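[1] pasting a predicted model and its sequence here:
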Amino acid sequence: MTQQKTREVVAKASDIEPGTSTVVTVKGRDIGIFNIEGEYYALANRCPHAGGPLCQGRIVALVQSDGPGNYRLARHQEFLRCPWHGWEFDIRTGQSWCDPNSTRARQFAVTVEPGAQLVKGPYVAETFPVSLEEDYLVIDLAG
Amino acid sequence: MNVPLRHAPASAGLAIVDCDIHPAYRSPKDLYPFLPARWQEHMTTFGEHLRQGLSGQLAWPRMMAAGMRVDSFPEQGPPGSDLALMRSQHLDANGVEYGMLMQLSRGGMEERNLEFAAALSRAVNDWQLATFVEPEPRLRAGIVVPQEDAAFAVTEIERRAADPRFAQILISPRSSDPLGHRRYWPIYEAAQRCSRPIALHVQGFSGGHASTASGWPTYYMQEHYAATTGMQNTLTSLVFEGVFERFPDLKVVLIEGGFAWAPALCWRMDKHWERMRKEVPHLRRPPSEYVRAQCWFTTQPIEEPETPAHLADVIGWLGWDRLMFSTDYPHWDFDHPQHVFKFQLTEAQKAKVFRDNAKALYGLQ
Amino acid sequence: MKVPFKGAIDCDLHPAMPSASALLPYLDDYWRDQLVNRHIDKYSFVLTSYPPNSPLSARPDWRQASGAPAGDLDAIRRQALDPFASRVAICNVLHGALALFNEDMAAALCSAVNDWTAKELLDREPRLRASILVPAHNPDLAVREIERVAPDRRFVQVLLFAMGEMLLGRRLYWPIYEAAALHGLAIGIHAGSTYHHAPTASGWPAHRVEDYIAQSTAFESQLLSFLTEGVFHKFPALKLVLIESGVTWLPTLLWRTSKTWRGVRPEVPWIDRPPAEILREHVRLTLQPLDLPKHDPQALARTLEHIGSDRMLLFSTDYPHWHFDGEDVLPDGLSDEAVHKLLIDNPLETFPRLRDGVAKGDNKGDNTRTNQEAVR
């Protein structure tokens, strides 16, 4: 029953092309939905470093290197650079690349309903009392 | 597992003073109405004459968005050029009661043609008032002057001294000589006379020297850091040439140059001054005492030690009354007032850093 | 606080440099000819960084009635080695050849100084070790000198200046680090300037004390250069020793570089872990001068906590430079364990060559070892 309450319809799947994202507001929380090659991931639009609008950052590849002067790109369109301080986050896991053990963007599970589009017309969010705490509101978008 | 932003919002509920905001021109021609025709033409034909290899571009390209927060771009013009966006995104959103403007560009501090520099200085000071301060009373301008032409700088300072909308005097810490050099002293005399602090904001343009003692850095990661070593050198010069001794009411603000290095530098200055006192008999007090009495430091970009409480040690050594909060809006390494401190401050410390130190220094009500 | 037990390794000692005429026997005939016929041998090659009569250059009770401080081996024994019961001391002979623009002349004089050091110091006092002087502004000549001297394992380090032609992490200097790594030599950067540039980013300070204080910022810039250019990635066994650099500025650098790295990582993607970790592993600093406040006994302990490593500091007297009085070479408040690391463990870990035959003290020999793992 609790799970049913926390499922929120947030967007049409077709609205988000592969390699792109959109930011939706769910119960007062901004959440970015990302499409990586047909798989969907959602991150809170709030960088754990200093609260910047994380999901407005560029979707980028991961820059790797074998050594000084050597540069290559891997994992294209799987990373997000925070638009403020440029920290890199793995979109799939929310994990900060530079400090995997300590800094991670809050992530949410996203599923796409098979078959017909989920909704028609405007998206209607269920209303719930919102209590604003200092820490994140925990919202599960579990399928 | 996620690490939420656990600490209390440092500034929540406080009206703050932001000691470092960067306004910008929508276009270079924004200065033209404030420039005589002769200099408008000069600007168009010859442009600025700076000590760098690329024109209108930095030789250490920034990591993103011209060194700006990606979300700070208005519909038109560069970040910082749109007062409405600055208000909504920053002044209103973050409870800024007063904001100190830092216009570093095209104000003549780095211009090699000193006649042009003088014209730019006058123009940029008029532009600040007209474009930002008159429409937005929370903002304060700085009297931007070319430090290499001390005689002109003094006339411009005196021209603006009676206008309380100018809070301080901006010169470049990347000067052609160390700022303690006596050829800059007329500027300090004028500053002391009109009771304005000297504001030393980190400058990207060289005054004629490489940004390190062993030449030029390769990477932006190094050049970003060089601001802090340069600021240390500048402060050492002001102390040891006797600027603080000669001008006991002069106040100096070090902006965007870091502050965590200051206690260690003061210890170092004191230790070696003791040994070398005969070289500098004009200093009547240990260097650290001058710094404690006459210097202020802004917070951004703040240090983020692995153990946040270590920064509290450093600020304790520096003195909570020395430190003034700044955001550097709209630059990329901006500090947000609610997230800047990763350890808990007392109410008294918050009040000082976010508001009262700046209000006292700048005479704000 | 005095050194509490015997066996310390002093990582910065400054015997007086030889006079130019004392170097003549160590030069080939062309250079001997040049020095004599051009009267170059009348000059003393004193560096601007260390004016002989300045208080910093020598402690009053270490000055002699005649001759330069630390110019007499007996004085070195009596004043620098015995009072601290040091087992080993590393000599850094700071010679003005490093400031010459003529690369060949600089190289010839560096070689002469190194040979003089071996004969007049190392041969006569088994407790002494030395750094190899090289003309860094010509990396090929510097490598040649390293290769020439390296077989003498009493040379434990290559010496460079904090303020030189270019930032030392740059790739064109890498042959020097490759040679050092292959021969198990540390890289030592010592305070001082060739003054080929202004010593600060805003030009030339008026006073010597300002130039000296500015050395710490030069060390910061050099450290950052080694880090960002990836020298530690390329030479994973390399140890970088900062000599007479000051210590208390270090935490701010560790914090700042680690923070900035998170935002600029794609520019320098070979930095694959936090800079503070890399620097704690590869960088060492000698103890003197220890810039601490007079009236805060907690400052040292807090600073060491901020540094976050007990492996980075190396004992030094910096004899005969004046940084402490009497025999109080150590700061108060260090634990026994910390003192032992400072005096012995950290130096042994830092200088590979100190680990061979240190107890026996007989390190002349030509058993050059190469370390294939030394270079990536």
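    In hand now; what should we look at?
[2] what's the burial count for residue 21?
    Using chain A. Residue A:21 has 23 neighbours, counted by other Cβ atoms under 10 Å in any protein chain shown. Quick note: C-beta positions are derived from backbone N, CA and C, even for glycine.
[3] sorry, I should have been clearer: chain B.
    When neighbours are counted by other Cβ under 10 Å, residue B:21 comes out with 26.
[4] who's in contact with it?
    For residue B:21, the contact set (Cβ atoms under 8 Å, 6 or more residues apart in numbering or on different chains) comprises B:80, B:86, B:90, B:99, B:100, B:101, B:102, B:139, B:327, B:328, B:329.
[5] then residue A:69?
    With Cβ under 8 Å, 6+ apart as the criterion, the residues that contact residue A:69 are C:171, C:230.
[6] for it, what is the enclosing helix or strand?
    Assigned by DSSP states H and E, residue A:69 falls within no helix or strand.
[7] tell me the spacing between it and chain B.
    Shown here: residue A:69 relative to chain B, a distance of 11 Å by Cβ to the nearest Cβ, to the nearest Å.
[8] that residue and residue A:62, how far apart?
    Separation of residue A:69 from residue A:62 (Cβ to Cβ, to the nearest Å): 18 Å.
[9] check residue C:245 too.
    Distance from residue C:245 to residue A:62, counting by Cβ to Cβ: 36 Å.
[10] out of the two, which sits in the more crowded spot?
    A count of neighbours by other Cβ under 10 Å puts residue C:245 above the other of residue C:245 and residue A:62, at 25 against 18.
[11] was I right about residue C:330 contacting residue C:5?
    No: with contact defined as Cβ atoms under 8 Å, residue C:330 does not count as touching residue C:5 (11.3 Å).
[12] neighbour count for these two, which is higher?
    Neighbours per residue, other Cβ under 10 Å: of residue C:330 and residue C:5, the larger number sits with residue C:330, 21 against 11.
[13] quick one: contacts for the more buried one?
    So residue C:330 contacts C:1, C:2, C:3, C:287, C:315, C:339, C:342 (Cβ under 8 Å, 6+ apart).
[14] what does residue B:260 give?
    B:303, B:311, B:314, C:251, C:252, C:255, C:256.
[15] model confidence over whichever helix or strand the third one is part of, on average?
    It stands for residue B:314. Using DSSP H and E, residue B:314 sits within helix B:309-318. Helix B:309-318 shows a mean pLDDT of 98.
[16] is that helix in proximity to chain C?
    Yes: judged by Cβ under 8 Å from any Cβ of the partner chain, helix B:309-318 and chain C are in contact via B:310, B:311, B:313, B:314, B:317.
[17] redo these as JSON lines? Include neighbour count.
    Formatted as JSON lines, the residues of helix B:309-318 next to chain C follow (neighbours: other Cβ atoms under 10 Å in any protein chain shown):
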{"residue": "B:310", "neighbour count": "19"}
{"residue": "B:311", "neighbour count": "22"}
{"residue": "B:313", "neighbour count": "20"}
{"residue": "B:314", "neighbour count": "23"}
{"residue": "B:317", "neighbour count": "21"}
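[18] who in chain A is up against chain C?
    Checking chain A against chain C by Cβ under 8 Å from any Cβ, the hits are A:49, A:63-71, A:85-88, A:96-99.
[19] which is the succeeding secondary structure element to the helix holding residue B:314?
    Past helix B:309-318, the next helix or strand by DSSP H and E is strand B:323-324.
[20] who are the packing partners of that following strand?
    strand B:295-298, helix B:357-362 (3 or more Cβ pairs under 8 Å, 6 or more residues apart in numbering or on different chains; DSSP states H and E).
[21] quick one: it to chain centroid distance?
    Mean-position distance between strand B:323-324 and its chain equals 12 Å (Cα atoms, centre = their mean, to the nearest Å).
[22] can whichever helix or strand comes after that strand be found next to chain A?
    Sequence order places helix B:347-351 as the next helix or strand after strand B:323-324, per DSSP H and E. No: judged by Cβ under 8 Å from any Cβ, helix B:347-351 and chain A are separated, with a smallest distance of 15.7 Å.
[23] one step back: so which of the contacts of residue C:330 are in helices?
    Secondary structure defined by DSSP state H assigns residue C:339 of these to helices.
[24] just the buried residues out of the contacts of residue C:330, in PyMOL syntax.
    To isolate the buried members of these in PyMOL, using 16 or more other Cβ atoms under 10 Å in any protein chain shown:
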select buried, chain C and resi 3+287+315+339+342
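[25] what stretches of chain B score poorly on pLDDT?
    Counting by pLDDT under 70, chain B has low-confidence residues at B:1-13.
[26] try 90 this time
    Applying pLDDT under 90 to chain B flags the ranges B:1-14, B:28, B:56-58, B:64-67, B:70-71, B:104-107, B:204-205, B:332-334, B:365.
[27] so is stretch B:300-314 next to chain A?
    No: Stretch B:300-314 lies out of reach of chain A by Cβ under 8 Å from any Cβ, never closer than 8.6 Å.
[28] buried stuff in that stretch?
    B:300, B:301, B:302, B:303, B:304, B:305, B:310, B:311, B:312, B:313, B:314.
[29] from the contacts of residue C:330, which is closest to chain B?
    Chain B lies nearest to residue C:287 out of those, by Cβ to the nearest Cβ, at 13.5 Å.
[30] OK, contacts around the closest one?
    By Cβ under 8 Å, 6+ apart, residue C:287 lies in contact with C:11, C:247, C:313, C:314, C:315, C:316, C:329, C:330, C:342.
[31] roughly how far apart are it and chain A?
    From residue C:287 to chain A the distance is 32 Å (Cβ to the nearest Cβ).
[32] look up how far residue B:144 lies from the spatially closest residue to that residue that is not a sequence neighbour.
    With Cβ to Cβ, 6 or more residues apart in numbering or on different chains as the criterion, residue C:287 has its nearest non-adjacent residue at 4.9 Å, and that residue is residue C:316. Computed with Cβ to Cβ, the distance linking residue C:316 and residue B:144 is 47 Å.
[33] more neighbours: which of those two?
    Higher neighbour count among residue C:316 and residue B:144: residue B:144, with 32 against 29, using other Cβ under 10 Å.
[34] regarding chain B, what is its longest helix?
    Longest helix in chain B, counting by DSSP H: helix B:220-240.
[35] what packs against the helix or strand that comes right after that helix?
    Proceeding N to C from helix B:220-240, the next assigned helix or strand is helix B:243-246, under DSSP H and E. Using 3+ Cβ pairs under 8 Å, 6+ apart, the elements in contact with helix B:243-246 are helix B:185-193, helix B:287-294.
[36] against which helices or strands is the longest one packed?
    Judged by 3+ Cβ pairs under 8 Å, 6+ apart, helix B:185-193 is in contact with helix B:150-160, strand B:166-171, strand B:198-201, helix B:243-246.
[37] so which of the ones you listed is the most surrounded?
    Most buried of those by mean neighbour count (mean count of other Cβ atoms under 10 Å in any protein chain shown) is strand B:198-201; its value is a mean of 28.
[38] what's the distance between the closest residue to chain C within chain A and residue C:276?
    Taking Cβ to the nearest Cβ as the measure, the point where chain A comes nearest chain C is residue A:68, at 3.3 Å. Distance, residue A:68 to residue C:276, using Cβ to Cβ: 19 Å.
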